[in-house]
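> Quick one: sequence and predicted model below, then my questions.
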Protein chains: 2
Amino acid sequence: MVPAQSTQKSFDVLRTLAAHGAAGASLAQIAGAVALPKPTVHRLLAAMVQQGFALRSATGRRYQLGPEIYALALKSQSTMGLVEMWRGALMRVAERTGDSAFLMVRSGYDAVCLAKQDGIVSVRTLTGGIGGRIPLGIGPGSLAILATLSEDESDTILVHNDRRLRMLVPDLPESLPSWVERIRIDGFAQSGGLFLAEVGGVAVPVPRHLGAPECAISTATLASRLDEVRVAEVVAILKEEIAAVVGKTAG
Amino acid sequence: MVPAQSTQKSFDVLRTLAAHGAAGASLAQIAGAVALPKPTVHRLLAAMVQQGFALRSATGRRYQLGPEIYALALKSQSTMGLVEMWRGALMRVAERTGDSAFLMVRSGYDAVCLAKQDGIVSVRTLTGGIGGRIPLGIGPGSLAILATLSEDESDTILVHNDRRLRMLVPDLPESLPSWVERIRIDGFAQSGGLFLAEVGGVAVPVPRHLGAPECAISTATLASRLDEVRVAEVVAILKEEIAAVVGKTAG
DNA sequence: AATTGAATTCCATAATATGGAACAGTTGGA
DNA sequence: TCCAACTGTTCCATATTATGGAATTCAATT
C-alpha cells in the first residue's frame, strides 16, 4: 500500500507546474499530465493557491508555481550548501575539459540538475539545464547516481521508473541493472548515445556522504569529441576534482 | 469545509522543516509543531522523503528539507523574476536611507522575505532575513501587503491568523482591520513598536500587478532613527523607487 | 445568438487517513 | 552489563476525507 496518496498527488501537481515554467499550465493540462480527473486537480490547486504554493493568472486560466516554493528553498540550507560546495569543482571541470559540467543529485525517483557550468561548447542535454530533471535510469549523471545506491534500491527504482523510461527511450535495453553494476565497478558512467545521438557525456558518482543526498558530477559535450581516450581523460579529471572536494570536507 | 486537508498537513510539515533549517528537526518536534500525532507525521515524512521533499539524517533521527524543494524553486520563474525586478530598488533604498530594505511578498497567510539589502545599520527584525516569514497582520511589510488586498480578503486573513498573531503579540489591538484601512488611505505602513521595541520600520505596498503576488517594500532600522519627519522621508523614497520599477515594467 | 471548450459545483460512494495502543530500537546512566 | 526512559515504528478497526461522473456555469469564438 502506498501511503499519503493525496500528498503525492499534490507533489505531482507541483512538478507539473514546475515543468511548465513561466508560461504556466491550464487545469486541463495539469490534470492530463498527472492523470487525474479535473475536479480532483481543481481541488488540489485551490488548496495550493491558498497556501502560496501555486499562483493563478489574472484570467484564472493558468497556474504556475507560487512564491512559497522559493521561500522554502531559501531555507533549504543543506541543498544550498551542496551547490556551494561543488561550484568550484564544476568550474574547474568545465575549464579543464572544455565541456559543460553538471551537479546532478537524486531527488526521489529522479535526478535533478542543481548546478551547471558551461565550458567552451554548450550542448542541448537530456536534462535541460539548471532545475532540469530526468528519471533515474537514463543519462550518465542519472546512472552514476544509481551506482551510489545499494543494488536493491537501484533495482527497485528501475522497476518503478520502467514506464517513464520506455516513454523516453522506446528501445531501452533490458540489462539496465547490470549496466549500473558495471558503473559501480568502473567508477564512472558514460552516455550510451541512446537518446540524443550527437550528444555524449560521462559522469562520476560522488562517494556517499553522511546524510547528504546521492549525487554525481557529469559532463556533456558533442559525441564526436568523446573517443575512448578522451573518456578516460575526462573521468580522471572528474575523479580528481571530486576527491579534492571530498577530501577538503572530510578533513 | 476545508479541502485537501492532507495536502495542507504536508505543507505544514514542509514549513516546519524550513523553520528548523540546517539543524533539522526530530519526528517528535515536527509532530509537536504541526499539532498532529506522531504516526500521522511519520507517514507524511516517509512519503516526503521518498519524493525528495525531505531528507533524513544518517541516524534517522533528524529531518530537513530535501533537494526537491530547491529543484522546484529553480523553475519558479515568476518568483525569481520578481526578485530580479526589485533587486535594484532594494539597493537604492538601502543606499539612500541607510536602513535595511526588504522585498516582502504574500504567500498564503504569511508574508515572506524574498530579498534583503542591508544599509549602514542592520537590525534584527521580526522576519529574520531572507526566507523569513511572519503571519500577515504584524510588521510594516506584512500590513502593507494586507492593504493591497480587498477589505474582505484582508479581514478574512486577519481572522484566520488571529491565534497566531496573539501568540506573537499578546496585547494585539482589536482594531487591526481599521489599521489596515488607514494604510490603504495613507499609502504606507509604519511599525507600531508592538513587538521589538528598539526596532522600527516603514513599508509601502506595491500596486497590484497582473497575476503577480501581492508585495511590498519595507525598511527596518533602529526605532530611535525614526521620528515623524524621517518616516515621511523614507516613505517618499520608497514610493519613488517603487514608481520607477512599476513604470519601467508597465511602460 | 449559437457553439464549443474549459472551469466549477454537487454529492452519494469509495477509499484513504487517522491515531490509540502496542512494540521495537536507541541512548545514557548506574 | 543491565535497566529505564525516550523516540521512533507498526498495526488495524473506525471515522473522515477524497473521489469523480454528471450536471452546471462561464468565457471565448464564430
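That came through, no problem.
> outside of the helix or strand of chain A with the lowest mean pLDDT, which residues touch it?
Among the helices and strands of chain A, strand A:199-200 carries the lowest confidence by mean pLDDT, DSSP states H and E, at a mean of 92. The contact list for strand A:199-200, computed with Cβ atoms under 8 Å, 6 or more residues apart in numbering or on different chains, reads A:123-126, A:190-191, A:193, A:220-223, A:225-226. Any C-beta I mention is one placed from the backbone N, CA and C, and that applies to glycine too.
> Toward the C-terminus from that strand, list the very next helix or strand.
Of the helices and strands lying after strand A:199-200 in sequence (DSSP states H and E), the nearest is strand A:202-205.
> Now do that next one, average pLDDT.
Mean pLDDT, strand A:202-205: 98.
> Walk me through which strands the helix or strand just after it pairs with, and which way each runs.
Counting by DSSP H and E, the next helix or strand C-terminal to strand A:202-205 is strand A:215-222. Neighbouring strands of strand A:215-222 in its sheet, by DSSP bridges, are strand A:100-107 (antiparallel), strand A:199-200 (antiparallel), strand A:202-205 (antiparallel).
> hmm, back to that, let me have the contacts of strand A:199-200 in a markdown table, extended by neighbour count.
Below are the contacts of strand A:199-200 laid out as a markdown table (neighbours: other Cβ atoms under 10 Å in any protein chain shown):
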| residue | neighbour count |
| --- | --- |
| A:Val123 | 17 |
| A:Arg124 | 11 |
| A:Thr125 | 25 |
| A:Leu126 | 23 |
| A:Gln190 | 20 |
| A:Ser191 | 27 |
| A:Gly193 | 12 |
| A:Ala220 | 30 |
| A:Thr221 | 24 |
| A:Leu222 | 13 |
| A:Ala223 | 16 |
| A:Arg225 | 14 |
| A:Leu226 | 21 |
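> Widest-spaced pair of those?
Spanning the widest gap among the contacts of strand A:199-200 are A:Arg124 and A:Gln190, at 18.5 Å by Cβ to Cβ.
> thinking again about what came up before, would TSV of the contacts of strand A:199-200 with pLDDT be doable?
Listed next are the contacts of strand A:199-200 as TSV, based on pLDDT from 0 to 100:
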residue	pLDDT
A:Val123	90
A:Arg124	89
A:Thr125	91
A:Leu126	86
A:Gln190	94
A:Ser191	87
A:Gly193	68
A:Ala220	95
A:Thr221	94
A:Leu222	92
A:Ala223	91
A:Arg225	87
A:Leu226	90
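> in stretch A:152-164, what counts as buried?
By neighbour count with 16 or more other Cβ atoms under 10 Å in any protein chain shown, stretch A:152-164 contains the buried residues A:154, A:157-158, A:161, A:164.
> In helices, which of these appear?
Counting by DSSP state H, the buried residues of stretch A:152-164 place A:154, A:157-158, A:161, A:164 in helices.
> Quick one: those as TSV, columns for distance to DNA strand C and pLDDT too.
Listed next are these as TSV, based on distance: Cβ to the nearest atom of the strand, whole Å; pLDDT from 0 to 100:
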residue	distance to DNA strand C	pLDDT
A:Ser154	23	95
A:Ile157	22	95
A:Leu158	24	96
A:Asn161	21	95
A:Arg164	21	93
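> Quick check: residues of chain A near DNA strand C?
Proximity of chain A to DNA strand C (Cβ under 7 Å from any atom of the strand) is limited to residues A:3-7, A:26-28, A:38-39, A:42, A:60-61.
> how about a cut-off of 10 Å?
By Cβ under 10 Å from any atom of the strand, the residues of chain A that approach DNA strand C are A:1-9, A:24-32, A:37-43, A:45-46, A:49, A:56-57, A:59-63.
> So among these, which ones count as buried?
Neighbour-count burial (16+ other Cβ under 10 Å) applied to the residues of chain A next to DNA strand C gives A:4, A:6-9, A:24-25, A:27, A:30-31, A:41, A:43, A:45, A:56, A:62-63.
> returning to what we had before: would you tell me which of the strands paired with strand A:215-222 gets closest to DNA strand D?
With Cβ to the nearest atom of the strand as the measure, strand A:100-107 is the member of those nearest DNA strand D (19.5 Å).
> Average pLDDT for the helix or strand following that closest one, rounded please.
Elements were assigned by DSSP H and E; along the chain past strand A:100-107, the next helix or strand is strand A:110-117. Throughout strand A:110-117, pLDDT has a mean value of 98.
> and strand A:110-117, what does it pack onto?
On a contact count with 3 or more Cβ pairs under 8 Å, 6 or more residues apart in numbering or on different chains; DSSP states H and E, strand A:110-117 meets helix A:77-97, strand A:100-107, strand A:133-135, helix A:140-148, helix B:67-73.
> Tabulate the ones you listed in TSV, adding columns for distance to A:Glu214.
As requested, these are exported to TSV (distance: least, Cβ to Cβ, whole Å):
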stretch	distance to A:Glu214
helix A:77-97	11
strand A:100-107	4
strand A:133-135	14
helix A:140-148	4
helix B:67-73	10
